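*Asks:* Below is the structure, and that's it, no one-letter string:
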């Protein structure tokens, strides 16, 4: 069955890049609605923007979507991951600025609020996208790949020159609350040199190490309190991947492999998948398939406690 959130929930905070104060409310929606954003601060133009792979305009530092009239919403990936991880397929998200609030830099605050409100089943079949053959995109040493699998599996590896990050690799099957338990509290991260460069360019104005991002400098973790997990960076990349894959418009049944991949590459991968009608098919998720999805059999205690 398709689902929606049981009642509305509001979040307030600052945008990571803009630093703007943001108020955002996630509302229930009817079956077949999907996920849409509505910019409440926009007047005289179409304020609705669909959370869909075809709406992605810019995905360099974060995932940004826009509509035909140029109305944009950015940094949607952590929220989209929380919706996917909680099994929420339909929602209207009202937001009074162009960037989703960063909160603590992870998906945990969103997911905890959704589970506190509860999820309501709707009278409509849930459809999934079954990957039928491998699809891959590459750029230099970076690559992203989808291939057939019974459920969504995320396999990710990263490598940074900073000794505190180095090489990290993790694989997780996204079923039975694994996203909530293993990934949801992992925060966005960056290198100190990148922070300085972004701030000179007028970005990362809402970033606050220790509050909403992990900052590395060589062999040091600069954020107070250190890491939530020893491999928090690669797990956050997996969180991002789930959020970006949620823009497919339905849960994906397939194995995603990312090698030094980012938002832009995952979007390119979805575009390559949907450009080839022989690479996928849309199937109705029966009870056996639904048991394998990220948002099935979850509970609030699946979200790790964070400081």
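*Replies:* Sure thing, it's come through. All figures in this text were calculated on a predicted structure; none of them were measured in a lab. Residues are numbered from 1 along each chain as shown.
*Asks:* following the helix or strand that contains residue 270, which helix or strand comes up?
*Replies:* Using DSSP states H and E, residue 270 falls within helix 263-275. Following helix 263-275 in sequence order, the next helix or strand is strand 280-284 (DSSP H and E).
*Asks:* list the buried ones in that next one?
*Replies:* residue 280 (16 or more other C-beta atoms under 10 Å). (Glycine included, C-beta is placed from N, CA and C.)
*Asks:* how close does the nearest residue to residue 121 once chain neighbours are set aside get to residue 106?
*Replies:* Here the nearest residue to residue 121 in space, its sequence neighbours aside, is residue 1; by C-beta to C-beta, 6 or more residues apart in numbering that works out to 4.4 Å. Plainly put, residue 1 is 28 Å away from residue 106 if you go by C-beta to C-beta, to the nearest Å.
*Asks:* before we move on, back to that, how many residues are close by the residue nearest to residue 121?
*Replies:* 15 (other C-beta atoms under 10 Å).
*Asks:* need the contact list for it.
*Replies:* Contacts here follow C-beta atoms under 8 Å, 6 or more residues apart in numbering; on that basis residue 1 touches 121, 122, 123, 124, 125, 126, 290.
*Asks:* Tell me if I'm right that residue 291 and residue 175 touch.
*Replies:* Yes: look at residue 291 against residue 175 with C-beta atoms under 8 Å: they come within range, at 7.3 Å.
*Asks:* These two - which one has more neighbours?
*Replies:* Neighbour count, other C-beta under 10 Å: between residue 291 and residue 175, residue 175 has more, with 18 against 13.
*Asks:* how close does that one get to residue 125?
*Replies:* The gap separating residue 175 from residue 125 is 20 Å, by C-beta to C-beta.
*Asks:* Quickly list the domain ranges of the chain.
*Replies:* For the chain, automatic domain parsing gives the domain ranges 3-121, 127-302.
*Asks:* Present those as CSV; the columns should include mean pLDDT.
*Replies:* What follows is the domains of the chain, written out as CSV (pLDDT from 0 to 100):
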stretch, mean pLDDT
domain 3-121, 95
domain 127-302, 90
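*Asks:* what about the helices in this structure?
*Replies:* In the chain, the segments counted as helices under DSSP state H are 77-85, 108-117, 178-182, 192-200, 232-245, 263-275, 287-290.
*Asks:* from what I can see residue 243 touches residue 65, true?
*Replies:* No: with contacts defined as C-beta under 8 Å, residue 243 does not count as touching residue 65, sitting 11.8 Å away.
*Asks:* which residues do the two both contact?
*Replies:* residue 76.
*Asks:* Could you count how many residues lie near the residue nearest to residue 148 when sequence neighbours are not counted?
*Replies:* Nearest residue to residue 148, sequence neighbours excluded (C-beta to C-beta, 6+ apart): residue 131, at 5.2 Å. In terms of burial, residue 131 registers 20 neighbours under the definition other C-beta under 10 Å.
*Asks:* now do residue 141
*Replies:* Applying other C-beta under 10 Å, I find that residue 141 has 8 neighbouring residues.
*Asks:* Surely it and residue 260 touch.
*Replies:* Yes: if you go by C-beta under 8 Å, residue 141 and residue 260 touch, sitting 5.9 Å apart.
*Asks:* In the helix holding residue 270, which of the residues would be classed as buried?
*Replies:* By neighbour count, with 16+ other C-beta under 10 Å as the criterion, the buried positions of helix 263-275 are 263, 264, 265, 266, 267, 268, 269, 270, 272, 273, 274.
*Asks:* Next, the angle strand 280-284 makes with it.
*Replies:* Here helix 263-275 points in a direction 80 degrees away from that of strand 280-284 (axes from the mean of the first three to the mean of the last three C-alpha atoms, to 10 degrees).
*Asks:* packing partners for helix 263-275?
*Replies:* strand 135-139, strand 142-147, helix 232-245, strand 255-259 (3 or more C-beta pairs under 8 Å, 6 or more residues apart in numbering; DSSP states H and E).
*Asks:* closest one to residue 93 among the ones you listed?
*Replies:* Taking C-beta to C-beta as the criterion, residue 93 comes closest to helix 232-245 out of the helices and strands packed on helix 263-275, the separation being 13.4 Å.
*Asks:* next one: that closest one to chain centre, how far?
*Replies:* Using C-alpha atoms, centre = their mean, to the nearest Å, the mean C-alpha position of helix 232-245 is found 7 Å from that of the whole chain.
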